[in-house]
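Trainee: sequence first, then the predicted structure, then my questions.
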Amino acid sequence: MSHALPSVQQIELIDADDSRLMEISREGVLSLNLAEMQAIQDYFRRLGRNPTDVELETLAQTWSEHCVHKTFRGVIEYCEGEHSELIDNLLKHTVMRVTNELSKPWCVSVFKDNAGIIEFDENYNLTFKVETHNHPSALEPYGGAGTGIGGVIRDTLGAGLGAKPILNTDVFCFGMPDMPYDEVPRGSLHPKRIFKGVVAGVRDYGNRMGIPTANGAILFDKRYTANPLVYCGNLGLIPIDRCEKHVCPGDKIVVVGGKTGRDGIHGATFSSLELDETSQDLGSAVQIGNPIVEKKVTDALMQARDRQLYRNITDCGAGGLSSAVGEMGEPVGARVHLKTVPLKYEGLAPWEIWLSEAQERMVLAVPSENLDELLHIFADEDVEATIIGEFTDTHKLQVYDEDQLLAELDMEFLHEGVPRITRKAVWSPPEHVEPDIPYPEDLGPALLDILRAPNVASKEWVIRQYDHEVQGASVLKPLQGIENDGPGDACIVTPVLGSHRGVIISNGLNPKYSDIDPYWMAASAIDEALRNVIAVGGNLERTALLDNFSWGNPDKPDRLGGFVRAAKACYDIARIYGTPFISGKDSLNNEYRDSVTGEQMAIPGTLLISAICVMEDVAHAVSMDAKHTGNWIYVLGNTHDELGGSHYYALHGFIGNRVPQVRAEEGKRTMQSLSTAISEGLVRACHDCSEGGIGVAAAEMAFAGGLGIEISLVDVPCADDMERNDRLLFSESNSRFLVEVTPEDRARFESLMRDVPCGCIGRVTEQPQLVVRGMDAEVVLSLPIARCKAAWQETFDW
Amino acid sequence: MKPKVLILRTAGTNCDYETAYAFELAGAVPERVHVNTFISRRRRLDEFQILVLPGGFSYGDDIAAGSLLANEIRHKLRDAMLAFVDAGKLVIGICNGFQVLVKTGLLPGRNTSQQQATLYLNDSARFECRWVYLKLETSPCVFTRDTADIIYLPVAHAEGKFTASSPVLDAVETQQQVVFRYVNADGSPAEYPANPNGSDHAIAGICDPTGRIFGMMPHPERYLSRLNHPRWTRQPLPDEGDGLSIFRNAVNYIRET
């Protein structure tokens, strides 16, 4: 197919003054700052000509915050009270440093490919990647979320020479679902509409791709109203000899999959802006997804991969072809003929074709001798595959329309020319009101209120809309227990059918702790993700982490100060636990500005930690539901008087100041001992204590198992002087687990726990009642488990 | 001689790998082949003894679930398909494959010019993934000859409500074509969610009058091992999952004939 291209524009840049430079950036939604515009101006002054729109747009996409993470990799002048320091490349000094120092032999590829890659068994490796699709989901929840999951699946397809997608994990943060309509910010959608749209988008895309969605979380906070967060993750399985990629001059550039249209223009630069009421006008920035096209691409690609028909592959994500070809051709050079790109419809300007983020497209580097066979495979699967150019040895990125050169950029300038930015970051701890909560005689109402809280309540309504069984590999499901409806800590799949070797996927996040200290927020997220892995039978030795930061505007020193704190915790805590980061992303500028009142709203600094663990034998896995009357209930890990950011405080309208810390050395001992006990078969059920503390964990274990639990708080190990039953029951201290052990295994279990804070706090009972005794052996809570469960289920009984 | 099984796939098919694995476990030689291969006559259906229409979203379930693949079979593979059936071979459709068989007119009874029943949007009006109990009814179905009376399998669909006019339903009942009904764990008649979609007569699976064409909404290929059961961590179970017998019965039938 050929089409007439509307002509290319020259941009008057080399003679522009600074204010004109910024005008050009703003008018074109380029999201380039003055230093960057000046660097581009200098480059073209040296060339003695003005750039074309194609060139300027290419640079803007490639240099966008979304693509190069210039904040995380830039220079930060960080100030915390008296202490100040200059941080040159925060990413390298924190997250990546953990990985380098731990130097795990099973890490195959970290922080360079489209996904992190770790070893699985003697034939396969695993790829794992989580991304955000926040800005698009704010404008168009269904399409934004669908293309979010579609995009991260393409990261799997573009990892190494292409992995098979085997599991989705999705984590969302929304505004309060019951928000009054007149409080919804101008230009934003109601949180419930966003919630439903996002779930439907993930459901329809994930289910149609035939990939189980078996892990996730949903959190609510008013500050996510205008800036919802949509994290989409995908796990892939790849043969060990298909993890390396390269490109040779002469290889053909082949684009496969969807056609190119005007959808998703400026996605990368748009995500690098704050939102306001006019953002809806940028509707074309949201991509349009078609999962069946992506499924067909997957089917054809796996065949071409196994026949070794291409040398390199990457996905068309942010920046579209400009970014995919620019990235693959970086070491050699590339020449593209825009006229050959298959279009959905006529009339696209050259830069639009080049930048379009139209979905379901992958770019391959194919040696000439393999072209016929490759094109044949794609034709057989009814997938478009088109040669659009070739890799060269010019070290330039050249874009042609027929004989007309539309763009010619040095690869080195394109990839290395972006000026490093220096930003200021300041951290000063906030002071919240220290709560004074009257002591309640009966802790039952508080427990029911916490179970009902949207962050804690059952997400069964969502989970059942996702196919979590497809591919036939599910071993531990998201819903567990006697009625298949209790909240599992993590999911397990066995991707090689017939093998008992499994993969555990879990996540941790608790943005509420950011209100007190993002350092402990990040530390708690890591601890929670690891607790979830350990609780189902994993081990720290084979666990890796992903970091996904969603933050406010990094130009504001207070936002960036919190970001630095969180990154520092990533190093400190993961280093002690011995768990490397293998991939990560940051999404900044999650802020909303009310253009009438000028009011600025930023999301709470939010770090999602996703954990992946390889489990030798899934037959040792443990679920969270109480199993048998008469078994003992233990709590592992110390409870501290640190209810800052807790649900219990939130019930009373407080945040507090003592946020849960992570005592990682102690936590590590606890987790290692528990892993040993589980692998020896000594644990019948295990549930981590997180939001709502021991109270919520015990209630969930009991009602998931259809049995009662009676516990006594006097036996809970605690480090601080804790005198109040409510604080003991609802403290959200990290590194704690509730564990069910049979009377026969009690002695062996206790001997394994000799170096770990461990208390035998009660038993599983026939009587379906949750009973909690206080410090003086008095009953402080007694509730039928059916009432607990009803409270937990009623919030999202939609 | 191991029976040859065709896992017929197309754009949007997605349960093909695990269905192939189930047939391997059952002692057959499965092959996943794209429908285009047969439409272009590069290969022939009669190379195989068992034809499987696996689960998924064929062509995105555009128009209605299974509709486009059913049309493709009716218009482009009709003769080959009928010859395959008339040769005494076996056809099974699982989930989307069941939807295809109904929309092709091969189920409940052969009528390739007019569809007699359908699998309609669930009463809950949304996609649902959950485990269900199935009661095995007396039927000529060869796929369930030694299947247990009550089995447990997952469903995952948005359009699974079996519905037809009263005369068609009556005929299906009197000719003993109902293979599986949704029930409670104790075998008693089920209502939502045990009947996950509101099917007429709680029908989960039917066969044609010969018993050699079989369609079901639940996924037997997803419960092959004890470790796939949602409650294997809390109750004793046989190592083999309930789903496997359906594949083994098919393989044994071909071996015997």
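Mentor: The structure has been received and is ready for your questions. Predicted model only: the values in this text are computed from it and were never measured. Residues are numbered from 1 along each chain as shown, chains lettered A, B, ... in the order given.
Trainee: for whichever residue of the stretch 451-600 of chain A sits closest to chain B, grab phi and psi.
Mentor: Closest approach between the stretch 451-600 of chain A and chain B, counting by Cβ to the nearest Cβ: A:G472, at 3.2 Å. To be clear about C-beta, it is placed using only N, CA and C from the backbone, and glycine gets the same treatment. Torsion angles at A:G472 (phi, psi; degrees, to the nearest 10) stand at phi 60, psi 20.
Trainee: just A:R73 next, same as before
Mentor: When read as degrees, to the nearest 10, the backbone of A:R73 gives phi -100, psi 0.
Trainee: these two touch, right, it and A:K92?
Mentor: Yes - using Cβ atoms under 8 Å, A:R73 is in contact with A:K92, at 7.4 Å.
Trainee: who has more neighbours, those two?
Mentor: Between A:R73 and A:K92, counted using other Cβ atoms under 10 Å in any protein chain shown, the more crowded position is A:R73 (17 against 14).
Trainee: and the pLDDT for that one?
Mentor: You'll see A:R73 listed with a pLDDT of 90.
Trainee: residue contacts, it?
Mentor: A:89-92, A:420 (Cβ atoms under 8 Å, 6 or more residues apart in numbering or on different chains).
Trainee: could you rerun that using 7 Å?
Mentor: By Cβ atoms under 7 Å, 6 or more residues apart in numbering or on different chains, A:R73 lies in contact with A:89, A:91.
Trainee: helix or strand for the residue of the stretch 551-700 of chain A found nearest chain B, which one?
Mentor: The stretch 551-700 of chain A approaches chain B most closely through A:S623 (4.1 Å), counting by Cβ to the nearest Cβ. Under DSSP states H and E, no helix or strand contains A:S623.
Trainee: what residue ranges in the stretch 151-257 of chain B score low on pLDDT?
Mentor: Nowhere does the stretch 151-257 of chain B drop to pLDDT under 70.
Trainee: interface residues of it facing chain A?
Mentor: Within reach of chain A by Cβ under 7 Å from any Cβ of the partner chain, the stretch 151-257 of chain B has these residues: B:154, B:156, B:219, B:221-222, B:224, B:227-228, B:230-231, B:233-234.
Trainee: of all the residues you listed, which two lie farthest apart?
Mentor: B:E221 and B:R234 (23.7 Å; Cβ to Cβ).
Trainee: more crowded one of these two?
Mentor: Taking other Cβ under 10 Å, B:E221 and B:R234 do not tie; B:E221 has more neighbours (33 against 21).
Trainee: now do the more buried one against B:C15, distance only.
Mentor: Going from B:E221 to B:C15 by Cβ to Cβ, to the nearest Å gives 6 Å.
Trainee: got the phi/psi numbers for the nearest residue to B:S245 once chain neighbours are set aside?
Mentor: Counting by Cβ to Cβ, 6 or more residues apart in numbering or on different chains, B:S245 lies nearest to B:T147, which is 4.6 Å off, once chain neighbours are set aside. Taking degrees, to the nearest 10, you get phi -80, psi 150 for the backbone angles of B:T147.
Trainee: what does the stretch 501-650 of chain A put close to chain B?
Mentor: A:618-619, A:621-623, A:625, A:627.
Trainee: swap the cut-off to 6 Å and go again
Mentor: Contact residues (Cβ under 6 Å from any Cβ of the partner chain) of the stretch 501-650 of chain A with chain B: A:623, A:627.
Trainee: in the stretch 501-650 of chain A, which spans are strands?
Mentor: Per DSSP state E, counting those that start in this stretch, the stretch 501-650 of chain A carries strands over the ranges A:502-508, A:543-550, A:581-587, A:591-593, A:600-602, A:606-615, A:632-636.
Trainee: make a markdown table from those and add mean neighbour count to it.
Mentor: Output for those, formatted as a markdown table (neighbours: other Cβ atoms under 10 Å in any protein chain shown):
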| stretch | mean neighbour count |
| --- | --- |
| strand A:502-508 | 27 |
| strand A:543-550 | 26 |
| strand A:581-587 | 25 |
| strand A:591-593 | 22 |
| strand A:600-602 | 18 |
| strand A:606-615 | 27 |
| strand A:632-636 | 25 |
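Trainee: one step back: the residue of the stretch 451-600 of chain A closest to chain B reaches B:P220, doesn't it?
Mentor: No - in this structure A:G472 lies outside contact range of B:P220 using Cβ atoms under 6 Å: 10.0 Å.
Trainee: how many other residues sit next to the residue of the stretch 451-600 of chain A closest to chain B?
Mentor: Around A:G472 there are 26 residues (other Cβ under 10 Å).
Trainee: look up the closest residue to it, ignoring the ones flanking it.
Mentor: In space, A:G472 comes closest to B:E18 once its chain neighbours are excluded; the distance is 3.2 Å by Cβ to Cβ, 6+ apart.
Trainee: A:T71: neighbour count?
Mentor: Per other Cβ under 10 Å, the neighbour tally for A:T71 reads 23.
Trainee: right, and the helix or strand after the one helix or strand it maps to?
Mentor: Per DSSP H and E: A:T71 is located in helix A:70-73. Using DSSP H and E, the helix or strand that follows helix A:70-73 in sequence is strand A:75-80.
Trainee: find the helix or strand that A:L301 is a member of.
Mentor: Assigned by DSSP H and E, A:L301 falls in helix A:291-306.
Trainee: wait, does that helix contact chain B?
Mentor: Yes - judged by Cβ under 6 Å from any Cβ, helix A:291-306 and chain B are in contact via A:292, A:295-296.
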